[in-house]
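Q: got a predicted structure here, sequence first:
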Amino acid sequence: MFYEPKDGHGLAKNPFNSLVVPRPIGWITTVDQAGNVNLAPYSFFNGVAYNPPTVMFSAGASRIEGTDGRKDSLRNALETGEFVHNFATWDTREAMNQTSADLGPDQDEMALAGLTPIASTLVKPPRVKESPIQFECKVVQSVELPNTKGEHLYTVVFGEVVGIHIADDLIMDNGQIDIGKLHPIARMGYQDYSEVTDDTVFTMERPGFHPYT
């Protein structure tokens, strides 16, 4: 099968999201200028630079009528210049999914999902206590992507990771992260997710590779 996306795919559902997998989940906390907390998951998320560490998340248009067309996470991050990424794990999967609900700017997804906010060190948005890893981020820049339909306007937000919190029990004696204990989940296509366990991790040494320190 070959198709040009501009002409359509002819399938029951767009396969694109199922062809770029697995994807880490950006579980993004922001606050607006009135202090309202927002927490939402983004499947277009990843690390993009090593030094300084930099991540990105991409937000589409809001589906809430009466808003300015931007999702709360995007609006808040651009207006305040800050956001927090909370790591999504197997244990937090249900809460993460709950926070994907379309709610108004004054509704707190963290409270809705029964999660516990804890103060960040360098930024105003709170962290999710139940998440074992959190990145405190300062916005570096944003880029609006070209779109073919108005409702598919996407904005990519790049953030420098200025602070990293790691649960102590995840750090092994060799100084590496215990992936089995972390038990990450990842976004697949459609409504599907995947998990990472000790049984699914394998190692390959890159030729001539000198590990980062």
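A: On my side now, so go ahead. Numbers count the residues shown, from 1 in each chain.
Q: and the least confident helix or strand in the chain by mean pLDDT, what's buried?
A: Every helix and strand of the chain was ranked by mean pLDDT, DSSP states H and E. The lowest is helix 109-112, at a mean of 92. Within helix 109-112, the residues that count as buried by 16 or more other CB atoms under 10 Å are Glu109, Met110. Using the backbone N, CA and C atoms, a C-beta is placed for each residue, glycine as well.
Q: just checking, what packs against that helix?
A: Contacts defined by 3 or more CB pairs under 8 Å, 6 or more residues apart in numbering; DSSP states H and E place helix 109-112 against strand 37-42.
Q: what strands line up against whichever helix or strand comes after the least confident helix or strand of the chain, and which way round?
A: Per DSSP states H and E, the first helix or strand lying C-terminal to helix 109-112 is strand 117-118. Looking at strand 117-118 with DSSP bridges, its partner strands are strand 127-128 (antiparallel).
Q: now do the partner strand: distance to the chain's middle.
A: Centroid displacement of strand 127-128 relative to its chain, using CA atoms, centre = their mean, to the nearest Å, is 13 Å.
Q: how about residues contacting it?
A: 27, 29, 39, 84, 86, 92, 110, 115-120, 134, 136, 165 (CB atoms under 8 Å, 6 or more residues apart in numbering).
Q: wait, doesn't Thr116 sit right on Ala95?
A: No. In this structure, Thr116 is not within contact of Ala95 by CB atoms under 8 Å, at 10.3 Å.
Q: so which bits of stretch 118-133 are buried?
A: Ser120, Val123, Lys124, Pro125, Pro126, Arg127, Val128, Glu130, Ser131, Pro132, Ile133.
Q: among those residues, which are in strands?
A: Arg127, Val128, Ile133 (DSSP state E).
Q: what about the first one, distance to Leu115?
A: Meaning Arg127. 10 Å (CB to CB, to the nearest Å).
Q: what strand or helix carries the nearest residue to His85 once chain neighbours are set aside?
A: Distance criterion CB to CB, 6 or more residues apart in numbering; nearest residue to His85, sequence neighbours excluded, is Phe135 at 4.2 Å. Under DSSP H and E, the secondary-structure element containing Phe135 is strand 133-144.
Q: ditto for Ala12
A: Going by DSSP H and E, Ala12 is not in any helix or strand.
Q: show me where this structure has helices.
A: 72-80, 93-98, 109-112, 179-182 (DSSP state H).
Q: tabulate those helices in TSV, adding columns for distance to Asn51.
A: Output for those, formatted as TSV (distance: least, CB to CB, whole Å):
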stretch	distance to Asn51
helix 72-80	22
helix 93-98	29
helix 109-112	31
helix 179-182	22
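Q: among those helices, which is the most enclosed?
A: helix 72-80 (a mean of 22; mean count of other CB atoms under 10 Å).
Q: which elements pack onto that one?
A: Against helix 72-80 (3+ CB pairs under 8 Å, 6+ apart) you get strand 26-31, strand 37-42, strand 54-59, strand 82-86, strand 133-144, strand 155-166.
Q: lovely, talk soon.
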